[in-house]
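Enquirer: Please find the sequence and the predicted model below.
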Amino acid sequence: MTATSASTSASARRLSDDSFARVRWGRAGAVYDLIVTVGFATPFTAPLLLALTRSLHDALDLPGAQLPELDPTALMFTSMFGTAVTMWAIARILRPEARFIAIDTVGRAVFSLWMIWALLNGQSATVVVFLIGEVTWLILQLSGLLRLRRR
């Protein structure tokens, strides 16, 4: 085996091992997601959380549009989103591996962009609470991934 092929083999093995390595903050970010999204996972609980958000918007006299009441179709999509994120959170709690946390970190960046888009388009400032959570966990998970990569 040449020095080059040994080096390439060692790099490939390290990358492969990293994909299964546990990422610092990975499981904690998944627990956060589970807590925040499990209530949106059913068409029975999601309206309660949305009503709470509307009440918070009114009580704090926040800028932006009030969240609307959802019709059955919109509620179905909300619950499907809540179910998918809840299941994804459970998967990451059980297996907080680098590859899953990396995918989730990219997802957090995209979710953050959509939240910023909603705010720029006049939505309720209650979205900021979710945005802060997304950006915080994005940074923490990214730091864990970078730390793992430096090993």
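Expert: Done, it's in. Here the structure is a predicted model, which is why all the values come from computation and not from measurement.
Enquirer: packing partners for the host helix or strand of residue 117?
Expert: For residue 117, the element it lies in under DSSP states H and E is helix 98-120. Packed against helix 98-120 by the contact rule (3 or more CB pairs under 8 Å, 6 or more residues apart in numbering; DSSP states H and E) you find helix 3-20, helix 26-37, helix 72-94, helix 127-150. The way it works is simple: take the backbone N, C-alpha and C, and place the C-beta from them, glycine included.
Enquirer: let's see 6 Å
Expert: With contacts taken as 3 or more CB pairs under 6 Å, 6 or more residues apart in numbering; DSSP states H and E, helix 98-120 sits against helix 3-20, helix 127-150.
Enquirer: hey, least reliable of the ones you listed by pLDDT?
Expert: Ranked on mean pLDDT, the bottom entry among those is helix 3-20, at a mean of 51.
Enquirer: so what's residue 118 closest to, chain neighbours aside?
Expert: Counting by CB to CB, 6 or more residues apart in numbering, residue 118 lies nearest to residue 127, which is 5.6 Å off, once chain neighbours are set aside.
Enquirer: State the distance from the one you found to residue 85.
Expert: 16 Å (CB to CB, to the nearest Å).
Enquirer: Cheers, nothing more for now.
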